[in-house]
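Asker: Give me a model of this one.
(one chain, ligands or ions: 1)
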Amino acid sequence: MPKKILVAVALPYVNGEPHLGHIAGMNVPADIFARYHRLRGNQVVMVSGSDMHGTPTALKAMDEGVEPIEIATKYHEIWKNSLEKMGFSYDLYTHTHTATHKKTVHDIFLKLKQQDFLSEKTQKMPFSTTEKMFLSDRFVEGECPFCSYKNARGDQCDDCGRTLDPTDLINIKSKRDGSTPKFKDTTHQFLNLSKFQDALEEWISDKNDWRPNVKNQSMGMIKEGLIDRAITRDIEWGISVPIKEGYENKRIYVWFEAVIGYLSATIEWAEISGTPDLWKDFWLDEDAESYYFQGKDNVPFHTIIWPAILLGYGNLNLPTDVVANEYLNLGGIDFSKSKGHAVWLSDYLSRYDPEPLRYYLASIMPETSDSEFTWAGYVSANNNELVATLGNFVHRVLTMTNKNFEILSKPSRFGKTDLQALSDCDKALEDVSQSIQDRKFRSALQSAMKLAQSGNKYIDQKKPWFELKSDKTKAATTLWVGINIIATLRTVFYPFLPSTSKLIHEMLGFKENTLHDGWERKKILDDIKIESPSPLFKKLEDTVIEDENNRLMN
Ligand SMILES: [Zn+2]
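Answerer: Residues are numbered from 1 along each chain as shown. Below you'll find the model as predicted:
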C-alpha cells in the first residue's frame, strides 16, 4: 500500500535573498526525503511558499519608502527561482498573499473563535511616541529575560529560541529609530494556548523518534506552562481580521497565519491539479504522514502553536515529525542574512552547478549540532568525492565497456568477488533507505558513497584491463557487474543528486522514466550497449577557494 506523505518545508519570510544557511537545514533534507518516497512509489506532496506578511518585510518596505507588497513580491520571485534552479522538487511553491490562503486563515480563525479557543483581551504594547504607532515583534529589540541575549526581538529570542512578548524585553528600543517606546493599552484576539497544555504534553511525550533537541525544547516550554498569546496586531500589512467591529486597523499576526500556509498551499496545489479534494488525502486521512522541515528557531511554532491550532480546529492531522536542523555557519559565525555575511544562492548558481552544492550541504547537514560551510570543504567534496570516487568509477566502467564491447550480455556464472559486489548493492539500498526513513540524511549519503568506494575497490581488485588481454569473458563479467553497481548508484543517489542520477540513467540506455525502477536493484537481463560516456562532474581548481574567500571578505 503506498503511503501518503506531506513534506512541508519552512515558509521563509521574504525581505532578502536566500543564502546557503537557509537551504541547508530545510530545503535540502526535505527534497531528499520527498524524492526518496516518490521513488519508493509513495504518494508525496511537497509544499512551501514565501511568508509575505512577516514584519521584517514591512520594516524593510518602510525603510525603503515602498509598499510591503513590492518587497515581498520581488524577493518571492528570487526565492522561487533559486529554489527551482537547485532542483528542489516542490509540487507547489506558492506564497501567503493569495485568496486561497486568506480564505483558509479566516476559516480557521472563525472556527477557533466559535469553539471558544480565542478570546479578546487588552494588553500593553510598545507605542512609539516619535512615530505615533504601535511597535510589534521585530519593530522592537531588547535583552532576553531568559538568556540575557542583547538583541532579542519582541516575538522571539534568536539565542535561546523562546517565544517572547514585547513586555518581556529588558531595555526595549524601537528598531526604527532607537527611541524608547511607551507601553499603551490595546485590544487583541488571543489564542488560548493554555487550553491545549495537557493534550500537547501527551502528544509530544510519546514522540520517541523525534530528534532529542526538538522534543526536549518543546517539552521544556510545555513544562514552563503555556500562556495565551495575541494573534492580532496593530499593523497595516497582513491578513484582515474577520471580526466586524474594532479590528479595521488590525491584522492577523503573522506567526498565527504563516503556519496555516502548509494547509492552504496543499489546498491550492489540489485546485491547480484539477482534483480539488485531493488535499484531504494528506490532511484528513489518519494514515497519512506529515513531516515539517525547519530550522531550530522555528521549533515551537511547529510543535506547539501549529498543533494547538490543528487540535482546536479538529480533524486535521498533527505533524508526524518536525525535522528541525541546527544552524549552518560560515567561517564559524552565524550564517544569517541580517548580518550581511553570507553565500547567496543566486550568486552561487551564477558560477557553479547545483549538484555539488546539494552534495556538500547534505554531507555537512547540521542535524544534531551546528556545522560549518567552508569553500575548502566544498572544493574537496567536489574533487575528492564526486569527481574522484563517484564520477571516476562510473566513467572508467562505462569507457572500458564502450571501447571493448559492442554488446555486453548477462554472464553465465559469477565468482565470489562478483557476488559480493552485487550483494553490496543490496546492502546500500537497504542502508540508504533506512537512514532516510529515520531522517538521518548524512548517514544516508555516506552509505550511498560507500557503494561508489566499494565499486572502485572491486574494479581495482578484478583489473578488467588485464582480463581484457587474458580472458575477455572474465572482463565482460567484471564490467557487467560494474554496470549493475552503476545502476544501483543511480538509484541511491537519486534523492541527493537528481540530475546526475538522470544522466547515469540515460548513459545506461534505460528508456523508462527515472522513477520506473523504484527502490530496487535493477535486474539487468537484456544485452547492454554503452555509448561513449560524458563526465558526471567538473573538477574545480584550488584557486576557487581563495577567490571565494576574498569575495566574502569584500
Ligand atoms: Zn533568550
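
Asker: Domains in the protein, by residue range?
Answerer: 4-106+257-358, 117-252, 375-554 (automatic domain parsing).

Asker: any idea where the helices of the stretch 401-550 of the chain begin and end?
Answerer: 416-437, 441-462, 464-470, 472-493, 498-507, 543-553 (DSSP state H, counting those that start in this stretch).

Asker: residue ranges of the helices in the stretch 151-300 of the chain, please?
Answerer: Under DSSP H, counting those that start in this stretch, the stretch 151-300 of the chain gives helices at 197-205, 212-224, 254-258, 261-272, 279-283, 299-300.

Asker: Need these in CSV (columns: mean neighbour count).
Answerer: Any C-beta I mention is one placed from the backbone N, CA and C, and that applies to glycine too. Listed next are the helices of the stretch 151-300 of the chain as CSV, based on neighbours: other C-beta atoms under 10 Å:
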stretch, mean neighbour count
helix 197-205, 15
helix 212-224, 16
helix 254-258, 26
helix 261-272, 23
helix 279-283, 20
helix 299-300, 22
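
Asker: could these go into JSON lines alongside distance to L20?
Answerer: Converted to JSON lines, the helices of the stretch 151-300 of the chain look like this (distance: least, C-beta to C-beta, whole Å):
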{"stretch": "helix 197-205", "distance to L20": "31"}
{"stretch": "helix 212-224", "distance to L20": "21"}
{"stretch": "helix 254-258", "distance to L20": "23"}
{"stretch": "helix 261-272", "distance to L20": "23"}
{"stretch": "helix 279-283", "distance to L20": "30"}
{"stretch": "helix 299-300", "distance to L20": "21"}
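
Asker: So which of those helices is nearest R233?
Answerer: helix 254-258 (8.1 Å; C-beta to C-beta).

Asker: need the residues of the chain near the ion, please.
Answerer: Within the chain, the positions adjacent to the ion are 144, 146-147, 149, 157, 159-160 by C-beta under 5 Å from the ion.

Asker: tell me which of those residues is nearest to S179?
Answerer: For the residues of the chain next to the ion, the nearest to S179 is C144 (20.5 Å; C-beta to C-beta).

Asker: Can you name the residues that contact that closest one?
Answerer: 152, 157, 159-160, 162, 164, 168-170 (C-beta atoms under 8 Å, 6 or more residues apart in numbering).

Asker: hey, which of the helices of the stretch 401-550 of the chain is tucked in deepest?
Answerer: The highest mean neighbour count among the helices of the stretch 401-550 of the chain, using mean count of other C-beta atoms under 10 Å, belongs to helix 472-493: a mean of 23.

Asker: hang on, the earlier thing: ranking the helices of the stretch 401-550 of the chain by mean pLDDT, which is last?
Answerer: Of all the helices of the stretch 401-550 of the chain, mean pLDDT reaches its minimum on helix 543-553 (a mean of 86).

Asker: what does that helix contact?
Answerer: 330-331, 341, 343, 375-376, 379.

Asker: again, 10 Å this time
Answerer: Identification of contacts with helix 543-553 by C-beta atoms under 10 Å, 6 or more residues apart in numbering yields 330-331, 341-343, 347-348, 351-352, 374-380, 382-383, 541.

Asker: So the nearest residue to E201 once chain neighbours are set aside versus D198, what's the distance?
Answerer: Nearest residue to E201 in three dimensions, chain neighbours excluded: I222, at 5.1 Å (C-beta to C-beta, 6 or more residues apart in numbering). Distance, I222 to D198, using C-beta to C-beta, to the nearest Å: 9 Å.

Asker: same check, this time on V140
Answerer: 33 Å.

Asker: correct me, but A308 touches A199?
Answerer: Yes - counting by C-beta atoms under 10 Å, A199 is a contact partner of A308 at 8.2 Å.

Asker: sorry, back to before: possible to save the helices of the stretch 401-550 of the chain as TSV with distance to D91?
Answerer: Listed next are the helices of the stretch 401-550 of the chain as TSV, based on distance: least, C-beta to C-beta, whole Å:
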stretch	distance to D91
helix 416-437	19
helix 441-462	20
helix 464-470	44
helix 472-493	22
helix 498-507	15
helix 543-553	34
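
Asker: which residues do A308 and A199 both contact?
Answerer: Joint contacts of A308 and A199 (C-beta under 10 Å, 6+ apart) are L318.

Asker: Pick out the residue in the stretch 351-500 of the chain sitting closest to the ion.
Answerer: D370 (16.7 Å; C-beta to the ion).

Asker: Give the burial count for that residue, as a bare number.
Answerer: 15 (other C-beta atoms under 10 Å).

Asker: secondary structure class for the spatially closest residue to D159 that is not a sequence neighbour?
Answerer: Nearest residue to D159 in three dimensions, chain neighbours excluded: Y149, at 3.6 Å (C-beta to C-beta, 6+ apart). What DSSP: H, G, I helix; E, B strand; the rest coil gives for Y149 is coil.

Asker: wait, Y149 sits on E143?
Answerer: Yes - shown here, Y149 and E143 form a contact pair, counting by C-beta under 10 Å, at 7.0 Å.

Asker: Give me the common contacts of the two.
Answerer: Listed as contacting both Y149 and E143 by C-beta under 10 Å, 6+ apart are C157.

Asker: before we move on, the earlier item: any idea how far C157 is from the residue nearest to E201?
Answerer: Counting by C-beta to C-beta - I222 and C157 are separated by 18 Å.

Asker: How about the contacts made by I483?
Answerer: Neighbours of I483 in contact, by C-beta under 10 Å, 6+ apart: 394, 397-398, 401, 408, 508-509, 522, 524, 528, 530.

Asker: Give me the buried entries from these.
Answerer: When the contacts of I483 are checked for burial by 16 or more other C-beta atoms under 10 Å, the buried set is 394, 397-398, 401, 408, 508, 522, 528, 530.

Asker: How about D285, nearest residue that isn't a chain neighbour?
Answerer: Of all residues not flanking D285 in the chain, K4 sits nearest, at 6.0 Å (C-beta to C-beta, 6+ apart).

Asker: In contact with that neighbour: list those residues for me.
Answerer: K4 touches 37, 42-45, 278, 281-283, 285, 287-290, 317, counting by C-beta under 10 Å, 6+ apart.

Asker: quick one: low-confidence ranges for the chain?
Answerer: Along the chain, the parts satisfying pLDDT under 70 run over 332-340, 554.

Asker: ok so, going back, of the domains of the chain, flag the one that's most buried.
Answerer: Buried most deeply of those, by mean count of other C-beta under 10 Å, is domain 4-106+257-358, with a mean of 20.

Asker: Starting from the host helix or strand of Y93, tell me which strands it pairs with and how they run.
Answerer: In the assignment (DSSP states H and E), Y93 maps to strand 92-95. The pairing partners recorded for strand 92-95 under DSSP bridges are strand 43-50 (parallel).

Asker: In the stretch 201-350 of the chain, what residue lies closest to the ion?
Answerer: For the stretch 201-350 of the chain, C-beta to the ion, closest residue to the ion: D297, 11.0 Å.

Asker: I'd guessed that residue sits against A152; true?
Answerer: No - counting by C-beta under 10 Å, D297 does not reach A152; the two are 11.9 Å apart.

Asker: Identify the contacts common to the two.
Answerer: With C-beta under 10 Å, 6+ apart as the test, D297 and A152 both reach 158-160.

Asker: Of these, just say which sits nearest to the ion.
Answerer: C160 (3.3 Å).

Asker: I figured the closest one hits E224, correct?
Answerer: No - between C160 and E224 there is no contact under C-beta under 10 Å: 11.9 Å.

Asker: Which neighbours do the two have in common?
Answerer: With C-beta under 10 Å, 6+ apart as the test, C160 and E224 both reach F146.

Asker: I407: what's it in contact with?
Answerer: 401, 476, 526-530.

Asker: my bad, should have said A30
Answerer: 7-10, 23, 46-48, 88-90, 291-294, 323.

Asker: P212 now?
Answerer: Here P212 is in contact with T368 (C-beta under 10 Å, 6+ apart).
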